[in-house]
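[1] take this sequence and fold it.
(one chain, ligands or ions: 2)
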Amino acid sequence: MYDLRLAGILSTQITRYKFSGICMASLLNPTDENLNLLRNVLKSGGLVAVPTETVYGLAANAFDAEACARIFTAKGRPTNDPLICHIASLEVAESISSFNELSRKLARLFWPGPLTLILPKAKTVPDIVTAGLESVAIRCPMHSVFQQLISEIDFPLAAPSANPFAYISPTTATHVNENLGEHIDYILDGGPCELGLESTIIDARDESSPLLLRHGALSQEEIETTAGIRLIDKSSNITQGPSVAPGSALKHYSPKTGLTLSAAPIEEPAAVNPDTAYLLWKKPEGKNAENIFWLSASGSLTEAASRLYAALHEIDQLGYQQIIAQTFPEQGMGNAINDRLRRAAAK
Ligand code: TXA
Ligand code: MG
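    Numbers count the residues shown, from 1 in each chain. Ligands and ions are numbered 1, 2, ... in the order given. A predicted model of the protein is given here:
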């Protein structure tokens with residue numbers, strides 16, 4: 001089980017301020033019986049929150065436009081922000097889109113895994129899923145419970161992250177229930193998400209200039225080195241309108257507590273302001289005050305990425321007046337973490 005104390009979050013604090021909202025969804029363990037039930041719920045147009053290795057998704061049958069419309073309502077998400085279609089294999093992806101050589105190469109290298117590809121869409125994908133675009137976003141998750149669920153259904157699952165629009169993405173079934181539970185019937189509990197940050201999104205439709213649309217759980221360096229390509233980073237085109245990445249609103253992934261980014265090192269902050277939660281990369285020396293939250297003892301950026309959202313969820317429940325978060329190094333997962341923190345800090 002994920003140990004919050006390792007992330008610098010004290011369990012006593014969590015109990016004290018525990019969420020007291022209405023939780024109405026049923027949490028189901030991934031037994032054969034439950035998986036069958038959930039497949040039937042999805043077949044008949046229902047919404048199910050599902051675990052993936054990145055974050056929990058709010059899933060519906062991607063071929064059922066009405067069911068997909070309910071996703072937008074449940075999240076309060078604008079309908080001009082398209083959904084990712086989740087599939088079980090490259091073969092299924094080829095049946096709802098068309099691949100060029102580079103996209104196929106990326107899929108073979110990184111699927112199943114935290115990579116989403118933007119591809120020309122087939123007519124079978126309803127317009128509501130793609131927000132009327134000619135392209136569709138496709139991803140093949142590697143979470144074993146997700147794979148079990150999807151391997152025995154004959155439609156893709158349209159699924160955005162299972163959070164209210166613009167709020168922090170969920171990395172546990174409890175996060176989903178606390179924030180979206182009253183709008184959905186079932187949550188499939190697959191435990192805490194291993195990677196904890198959304199998938200990386202690439203548009204390689206133009207093979208000569210593949211675009212990185214969103215930094216995510218697969219680092220730019222890893223993609224470039226493994227595939228032998230150079231990506232054009234379009235991820236910060238966040239205020240330039242809908243053409244490149246329609247859902248990349250500047251304000252996103254935001255806790256309710258106001259967040260400010262600090263490039264300067266944060267030292268002895270507890271003495272400065274006990275009403276502020278300080279979010280650090282590494283564990284500082286010595287005994288840490290209650291309001292210091294750190295994401296990795298060893299300074300691993302991957303570990304820090306996997307704990308970022310859980311830390312923000314917990315801080316949000318603890319009643320601090322503000323969060324000051326440290327900027328991470330611009331390398332590996334640090335790019336994706338900084339991207340999320342910048343958006344969380346946007347007004
Ligand atoms: O890790 C993930 O990707 C998670 C899990 C659940 O799979 N999903 C996720 O979905 O993060 P969502 O909806 O929160 O973010 C998907 C992003 C949105 O910004 C959306 O606008 C963009 O992908 N997107 C979807 N279809 C697109 C398209 N055809 N062209 C460009 N961007 C697209
Ligand atoms: Mg999202």
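
[2] list the contacts for the residue nearest the centre of the chain?
    In the chain, the residue lying closest to the centroid (CA atoms, centre = their mean) is residue 198, at 3.2 Å. Taking CB atoms under 8 Å, 6 or more residues apart in numbering, we find residue 198 in contact with 54, 55, 114, 161, 169, 214, 216, 217. C-beta here means a position set from N, CA and C on the backbone, and glycine is covered the same way.

[3] now name the helix or strand holding the second one.
    With the criterion set as DSSP states H and E, no secondary-structure element contains residue 55; it sits in neither a helix nor a strand.

[4] how near is it to residue 139?
    As judged by CB to CB, to the nearest Å, residue 55 and residue 139 stand 12 Å apart.

[5] how many other residues sit next to the residue nearest to residue 30 when sequence neighbours are not counted?
    Distance criterion CB to CB, 6 or more residues apart in numbering; nearest residue to residue 30, sequence neighbours excluded, is residue 145 at 4.5 Å. Counted by other CB atoms under 10 Å, the residues lying close to residue 145 total 18.

[6] same deal with the one 5 residues further on?
    For residue 150, the number of neighbouring residues by other CB under 10 Å comes to 25.

[7] was I right to think it contacts residue 112?
    No - contact criterion CB atoms under 8 Å: residue 150 and residue 112 do not qualify, at 10.3 Å.

[8] near ligand 1, which of the contacts of residue 198 show up?
    Among the contacts of residue 198, proximity to ligand 1 is found for 54, 55, 161 (CB under 6 Å from any ligand atom).

[9] list the residues that contact the first one.
    Counting by CB under 8 Å, 6+ apart, residue 54 makes contact with 114, 141, 193, 195, 196, 197, 198, 199, 216, 217.

[10] how much space between the residue nearest to the centre of the chain and ligand 1?
    Separation of residue 198 from ligand 1 (CB to the nearest ligand atom, to the nearest Å): 4 Å.

[11] I'd guess that residue is in a strand, am I close?
    No - according to DSSP: H, G, I helix; E, B strand; the rest coil, the state of residue 198 is coil, so it is not within a strand.

[12] tell me, what's the model's pLDDT at it?
    The model reports residue 198 with a pLDDT of 97.

[13] swap in the one 10 residues further on?
    Residue 208 is assigned 98 on the pLDDT scale.

[14] give me the secondary structure label for it.
    Counting by three-state DSSP, the backbone at residue 208 sits in coil.
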